[in-house]
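[1] here is a sequence with its predicted model. Questions after.
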Amino acid sequence: MSRRRLRPDELELWNLVASSTERLPGRPMREVPKPAPKPAPPRQKPDPLPAFSLGDRATPVAETHDFYGTTADRLKSAPLNMDAKAYKTMRRGKLLPEARLDLHGMTLDQAHPELIRFILMSQTRALRLVLVITGKGLREDPHDPMPRRRGVLKTQVPQWLRLPPVAQAVLQVSEAHNKHGGGGAYYVYLRKRR
């Protein structure tokens with residue numbers, strides 16, 4: 001067991017008690033050595049601030065702009081969920097659509113419920129390949145101050161096909177071959193009904 005050193009306040013109390021006591025006859029009095037005062041540490045100059053410029057440590061924010069390109073680019077980069085051979089045949093226009101829906105000229109409010117009804121009814125009838133015609137949309141005005149995408153329905157239909165309730169019925173969406181409407185129509189390959 002190691003001895004503990006006395007704290008300064010304990011040592012001061014001990015010296016106060018020791019100075020008020022009297023010596024017993026025949027015994028020498030033990031004196032407690034006074035601790036040497038500790039020298040004050042030399043004052044150091046604070047380090048100067050390091051050079052910095054505003055925003056050095058800020059983490060860069062990822063850009064949130066959608067530079068994804070056209071709807072056709074998105075569909076081409078989508079993963080292939082159906083048989084590769086059947087997909088290739090479909091893209092060449094060799095597979096004939098079993099049913100078609102023409103949304104051309106409809107508003108978004110009219111087209112969305114019509115698309116849902118058509119896709120679910122087609123799956124119920126055990127159809128596999130259907131054609132959804134959207135139209136290519138109006139040509140862009142070169143003098144328009146704000147660039148806009150062509151064809152609201154052309155852009156919106158693939159997004160609707162990824163949302164419930166039709167998402168569970170759709171296996172693959174692809175732009176149609178020229179003989180079936182080209183850029184103004186989509187092939188929608190449906191899942192088999194369980």
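    Received the coordinates, thanks. Note that the structure is predicted; figures quoted are calculated from it, not measured.

[2] quick one: the longest helix along the chain to chain centroid distance?
    Counting residues, the longest helix found in the chain (DSSP state H) is helix 108-124. What separates the centre of helix 108-124 from the centre of its chain is 31 Å, taken as Cα atoms, centre = their mean, to the nearest Å.

[3] same deal with stretch 113-132?
    With Cα atoms, centre = their mean, you get 32 Å for stretch 113-132.

[4] which residues does Tyr187 contact?
    90-91, 95, 97, 129-131, 172-176, 180 (Cβ atoms under 8 Å, 6 or more residues apart in numbering). Every C-beta, even on glycine, is put in place using the N, C-alpha and C of the backbone.

[5] only the buried subset of the residues you listed, as a ChimeraX command please.
    Filtering these down to the buried ones (16 or more other Cβ atoms under 10 Å) takes a single ChimeraX command:
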select :90,95,97,129,130,131,172,173,174,175,176,180
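
[6] nearest to Ser122, of the contacts of Tyr187?
    Distances from Ser122 to the contacts of Tyr187, taken as Cβ to Cβ, are shortest for Val130 (5.0 Å).

[7] okay, and the beta partners of that closest one?
    Ala99, Val188 (DSSP bridges).

[8] let me know the pLDDT of it.
    Looking at Val130, its pLDDT reads 97.

[9] helices of the protein, start to end?
    All helices of the chain, identified by DSSP H, fall at 8-19, 71-77, 84-91, 108-124, 152-160.

[10] hmm, back to that, and the contacts of Tyr187, which is closest to Leu120?
    For those, the nearest to Leu120 is Val130 (11.2 Å; Cβ to Cβ).

[11] helices or strands next to the helix or strand bottoming out on mean pLDDT in the chain in the packing?
    Each helix and strand of the chain was given a mean pLDDT (mean pLDDT, DSSP states H and E); the minimum falls on helix 71-77 at a mean of 83. Packing contacts for helix 71-77, counted by 3 or more Cβ pairs under 8 Å, 6 or more residues apart in numbering; DSSP states H and E, involve helix 152-160, strand 170-175.

[12] that concludes my questions; thank you for your assistance.
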